[in-house]
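A.B. asks: Sharing a model prediction with you, sequence too.
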Amino acid sequence: MDKPLKATASGLDSVVAAETALSHVDGEAGRLIVAGHDIGALAASHDYEGALALLWRAAGRAPETAGNIRAALGRAKFDAFGHVPALLAASEGLTVVEGLRAGLAMLPDDHALAPELRLVAAHPVFVAALCRRAEGKAPVAPDPARGQAADFLAMMTGETPKPEKVRALDAYLVTVIDHGMNASTFAARVIASTRAGMVSAIVGGLCALKGPLHGGAPGPVLDMLDEIGVEEAIMPWLDAHLAEGDRLMGFGHRIYKVRDPRADVLNEAVARLAARGAEGPGTEGSGAGRIALARAVERKALEALHAARPGRRLDTNVEFFTALLLEALAIPRAAFTAVFGMARVGGWTAHVIEQERVGRLIRPQSAYVGLWPEE
Ligand code: ACO
């Protein structure tokens, strides 16, 4: 009989699961490179379509300009809007991210149009329609002339968005478009490796993203800020929650041993938006007071985490500033995870293309610790 295998690490911490030309996370240096660009430089120089062009090319698709991708997405968004009645009928009573999951699952894996375009286009159309339904409003049709960020904001509000808001959302979409072998990307690649098709792989990625340890953290970050409310309440709140063994949302990361570089990019985007006075009206607690409270919470949370776990550096992650930025854009917190999916679908689709080119089934082993039949 074979010697029983031993698990290397329960969370696959140090396992290299794939070679990729898409992105590299250096957790010691706090550096993220996406398709050859440092993340701050990429977010400053490319809109979402530009970042998609880089990723899809790096994954092996024929080179396309950002302009061609914008035009193709425009047509695909129109197509996706045709699915909205069925989406709304199928998602009654579901949360926004559950509704998005249902809507994507209705798309066929086998379709003539490039699946990556259909999937990237479907996200903003579906998320906006689901958000508007939650407010008792009819869906707004996409405008093929608008880019991804502008059209999403327009479909959410029914109005032409201010350019500074479009820039801020673009900065967010680019900053989180891809991030190495994170849990949702890994899930998508495993599914792609079975040749199930891109829609199935992306639905699986979204399911993994939904959890609070991955893409579900930003909503709870705002819940935390609401519960704290005023600066004097910060330490008592943090002490009580850490004493209970709770995790502070927006802090800690499996790979980064230092500050998540995406937190800095989004922090700057939040500051730029606030300086232009363009934060969304009508969002609970948005504005200068909110940002000042958040920065104070961040400072004290880092001190408290250091005191609670001196051996483990727990720093601010991307989700803390995601929460502030999306709130400032008047995006309802119930939609935060789905909006993260709307960004990350660019990375997922590129990874699926890359994985399909590799062509080899991902099939690890397990270490059996159960009972053996009696001899
Ligand atoms: N608050 C309090 N304690 C924490 C936190 C936190 N945010 N993060 C980790 N810890 C503690 C753990 O409880 C653990 O303590 P223990 O050894 O006594 O059990 C110790 O620090 C080490 O944590 P790990 O579980 O090894 O950290 P891991 O790498 O598995 O988890 C994770 C990373 C899931 C992101 C974690 O830091 C966390 O839960 N953070 C809060 C949720 C969050 O912000 N998620 C978004 C991540 S970014 C993204 O996915 C896009």
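C.D. replies: Alright, I've got the coordinates.

A.B. asks: So what does residue 34 have for phi and psi?
C.D. replies: phi -120, psi 120 (degrees, to the nearest 10).

A.B. asks: for the residue lying closest to it once chain neighbours are set aside, what are its contacts?
C.D. replies: Among residues not flanking residue 34 along the chain, residue 23 sits closest, at 4.5 Å (C-beta to C-beta, 6 or more residues apart in numbering). To be clear about C-beta, it is placed using only N, CA and C from the backbone, and glycine gets the same treatment. Each residue near residue 23 by C-beta atoms under 8 Å, 6 or more residues apart in numbering is listed here: 32, 33, 34, 35, 178, 179, 180, 347.

A.B. asks: that's a strand at the second one, yeah?
C.D. replies: Put plainly, it is residue 33. Yes: under DSSP: H, G, I helix; E, B strand; the rest coil, residue 33 falls within a strand.

A.B. asks: interface residues of the chain facing the ligand?
C.D. replies: 11, 213-215, 217, 247-254, 305, 309, 312, 314, 317-319 (C-beta under 6 Å from any ligand atom).

A.B. asks: Give the buried residues for whatever helix or strand residue 69 lives in.
C.D. replies: Assigned by DSSP states H and E, residue 69 falls within helix 66-81. By 16 or more other C-beta atoms under 10 Å, the buried positions in helix 66-81 come out as 66, 69, 70, 72, 73, 74, 76, 77, 79, 80, 81.

A.B. asks: Please parse this protein into its domains.
C.D. replies: 22-214+334-358, 218-328 (automatic domain parsing).

A.B. asks: ok, of these, where does mean pLDDT dip lowest?
C.D. replies: Here the lowest mean pLDDT among the domains of the chain goes to domain 218-328, at a mean of 90.

A.B. asks: next one: it to chain centre, how far?
C.D. replies: Between the centre of domain 218-328 and the centre of its chain there are 17 Å (C-alpha atoms, centre = their mean, to the nearest Å).

A.B. asks: go on, stretch 133-153?
C.D. replies: Distance, stretch centre to chain centre, for stretch 133-153: 19 Å (C-alpha atoms, centre = their mean).

A.B. asks: Repeat that for stretch 180-187.
C.D. replies: 11 Å.

A.B. asks: if we look at the helix or strand hosting residue 44, which residues are touching it?
C.D. replies: If you go by DSSP H and E, residue 44 is part of helix 39-45. Residues from elsewhere that reach helix 39-45 (C-beta under 8 Å, 6+ apart): 32-35, 37, 51, 54, 170-171, 174-175, 261-262, 264-265, 269.

A.B. asks: closest to the ligand among those?
C.D. replies: Nearest to the ligand among the contacts of helix 39-45 is residue 262, at 8.3 Å by C-beta to the nearest ligand atom.

A.B. asks: helix/strand/coil for that closest one?
C.D. replies: Quick answer, by three-state DSSP: residue 262 is helix.

A.B. asks: isn't it right up against residue 318?
C.D. replies: Yes: counting by C-beta atoms under 8 Å, residue 318 is a contact partner of residue 262 at 3.9 Å.

A.B. asks: residues contacting residue 106?
C.D. replies: Per C-beta under 8 Å, 6+ apart, neighbours of residue 106: 83, 86, 87, 90.

A.B. asks: tell me the helices in the stretch 51-200 of the chain, going along the chain?
C.D. replies: For the stretch 51-200 of the chain, the helices defined by DSSP state H, counting those that start in this stretch cover 66-81, 84-90, 96-105, 115-134, 148-157, 163-175, 183-193, 198-209.

A.B. asks: how about the ones you listed, which one is nearest residue 242?
C.D. replies: helix 183-193 (24.4 Å; C-beta to C-beta).

A.B. asks: still on that earlier bit, can you name every helix or strand that the helix holding residue 69 contacts?
C.D. replies: helix 48-59, helix 115-134, helix 148-157 (3 or more C-beta pairs under 8 Å, 6 or more residues apart in numbering; DSSP states H and E).

A.B. asks: possible to save those as JSON lines with mean neighbour count?
C.D. replies: Formatted as JSON lines, the helices and strands packed on helix 66-81 follow (neighbours: other C-beta atoms under 10 Å):
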{"stretch": "helix 48-59", "mean neighbour count": "24"}
{"stretch": "helix 115-134", "mean neighbour count": "25"}
{"stretch": "helix 148-157", "mean neighbour count": "24"}
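
A.B. asks: As a markdown table, those helices with distance to residue 165 would be great.
C.D. replies: Formatted as a markdown table, the helices and strands packed on helix 66-81 follow (distance: least, C-beta to C-beta, whole Å):
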| stretch | distance to residue 165 |
| --- | --- |
| helix 48-59 | 14 |
| helix 115-134 | 14 |
| helix 148-157 | 6 |
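
A.B. asks: Residue 363 is nearest to which of those?
C.D. replies: Closest among the helices and strands packed on helix 66-81, using C-beta to C-beta: helix 48-59, at 22.1 Å.

A.B. asks: what about the closest one, distance to the chain center?
C.D. replies: The answer for helix 48-59 is 16 Å, by C-alpha atoms, centre = their mean.

A.B. asks: between it and helix 115-134, how many degrees?
C.D. replies: Relative orientation of helix 48-59 and helix 115-134, computed by axes from the mean of the first three to the mean of the last three C-alpha atoms, to 10 degrees: 150 degrees.

A.B. asks: going forward can the numbers begin at 7, since that is how I track them
C.D. replies: With the count now opening at 7, the last piece we talked about shows up as helix 54-65.

A.B. asks: And the contacts of helix 54-65?
C.D. replies: 27-28, 40-43, 48, 52, 69-73, 75-76, 79, 122, 126, 153-155, 176, 179-180, 183-184, 349, 352-353, 355-357, 359-360, 363.
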